[in-house]
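S.K.: Have a look; sequence and predicted model below, questions after that.
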Amino acid sequence: MGMVDHPPTNRQEGHVVTRKRRFGQRLLVVVAVIAALIGLGYIWRSSPLASIVSDGSDIGRRRGDGAAFSLNNIGDLLTTIAIGVGGMSFVILIDKARRHRRPIRPAPKASTAVGTET
Amino acid sequence: MVSTRRLRTPRRALFDFWLDLTMLVAFTLDYSFNFTGLAVHEWIGLIFVVVIPVHLVQHWDWVMRTTRRLIRHRRGREALRWITDLLLMPVLVICVASGILISRSALPSLGVTMTQDAFWLGLHTTTADVSVALVALHVALSWRWAWSIIRRLTGKRATS
């Protein structure tokens, strides 16, 4: 009784189907979690705790009318970028300083592969 | 010293990188409400309905692996990243969902009329403000990964 080896194309197709099915299953779970979060939002809205959320009256003051895309308001975009870059730089500097104080021992063999986030 | 040897970057890592970069640019534009205006703000917001679930599925393995690791033994940086992501997910989901529920331009143009509810409006701005801080932290804590991809894309690699 010999082992039947599938042709590479079949194996590749099977792999793709498994990957797609796994992606679909995970997507369903993620969508269910998102639906649950939105459901919790609705529960929050009808609970006495809803009053801790701002009633939105300050939004006009903070955001303007947002009528249409305007290059005149590029300052708003620059402010967002400054907040983001500022926050990120702060964290990266701390991270680098910590790594400098406690250098990580290099792996025995350098790898050239880049995977997903580790 | 920098060599110019081009290194192969896995397709999956490239897809993650470009998706994450798109999300970052979209979020930055979307938060700049006075710059984009209401209509563009809402259409960009609708993009997140698709990309957030895809982003979460793409990083499913990392979430599971890290959760299992953190249960066994805590690690400072990894724990901070995990907690940041755990907070960012519901905050961003609620931000997008509440934005849809108060849509005044995008959804009405598709024939769907939404009511202007003060609760959702308030929640939308609050979660947007919290999201900015959490997104910056989220990206900053992944900077080594992003930097490694950028280096490979530019074909440079530091050698010591």
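M.R.: Done, it's in.
S.K.: pLDDT weak spots in the chain?
M.R.: By default, I'm working from chain A. Scanning chain A with the threshold set as pLDDT under 70 gives A:1-14, A:54-67, A:69, A:102-118.
S.K.: should've been chain B
M.R.: Filtered on pLDDT under 70, chain B yields the residue ranges B:1-7, B:74, B:156-160.
S.K.: where exactly do the helices run in it?
M.R.: Under the criterion DSSP state H, helices of chain B are mapped to B:11-31, B:33-58, B:60-72, B:76-101, B:106-109, B:118-140, B:143-153.
S.K.: Pick out the residue nearest the middle of chain B.
M.R.: B:Met23 (5.1 Å; C-alpha atoms, centre = their mean).
S.K.: could the helices of chain B be laid out in CSV, adding distance to A:Ala50?
M.R.: In short, each C-beta sits where N, CA and C put it, glycine included. CSV is the format used below for those (distance: least, C-beta to C-beta, whole Å):
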stretch, distance to A:Ala50
helix B:11-31, 24
helix B:33-58, 22
helix B:60-72, 30
helix B:76-101, 13
helix B:106-109, 23
helix B:118-140, 6
helix B:143-153, 38
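S.K.: Select, out of those helices, the one closest to A:Val53.
M.R.: helix B:118-140 (4.4 Å; C-beta to C-beta).
S.K.: Can you tell me which helices and strands that closest one packs against?
M.R.: Counting contacts by 3 or more C-beta pairs under 8 Å, 6 or more residues apart in numbering or on different chains; DSSP states H and E, helix B:118-140 packs against helix A:8-45, helix A:59-63, helix A:74-101, helix B:11-31, helix B:76-101.
S.K.: TSV for the ones you listed, including distance to B:Ile44?
M.R.: Listed next are the helices and strands packed on helix B:118-140 as TSV, based on distance: least, C-beta to C-beta, whole Å:
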stretch	distance to B:Ile44
helix A:8-45	18
helix A:59-63	15
helix A:74-101	12
helix B:11-31	5
helix B:76-101	10
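S.K.: To B:Ser148, which of those lies closest?
M.R.: Here helix B:11-31 is closest among these (C-beta to C-beta), at 8.8 Å.
S.K.: Grab the CA positions of stretch A:27-39 and hand them over as CSV.
M.R.: Taking C-alpha atoms only, stretch A:27-39 is exported to CSV below (Å, rounded to 0.1, in the frame of the first residue of the first chain):
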residue,chain,number,x,y,z
LEU,A,27,-13.8,37.1,9.9
LEU,A,28,-17.1,35.7,11.2
VAL,A,29,-15.8,35.7,14.8
VAL,A,30,-14.5,39.3,14.3
VAL,A,31,-17.8,40.5,12.9
ALA,A,32,-19.6,38.8,15.8
VAL,A,33,-17.3,40.6,18.3
ILE,A,34,-17.9,43.9,16.5
ALA,A,35,-21.6,43.3,16.6
ALA,A,36,-21.4,42.6,20.3
LEU,A,37,-19.5,45.8,20.9
ILE,A,38,-22.1,47.8,19.0
GLY,A,39,-24.8,46.0,21.0
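S.K.: Brilliant, that's me finished.
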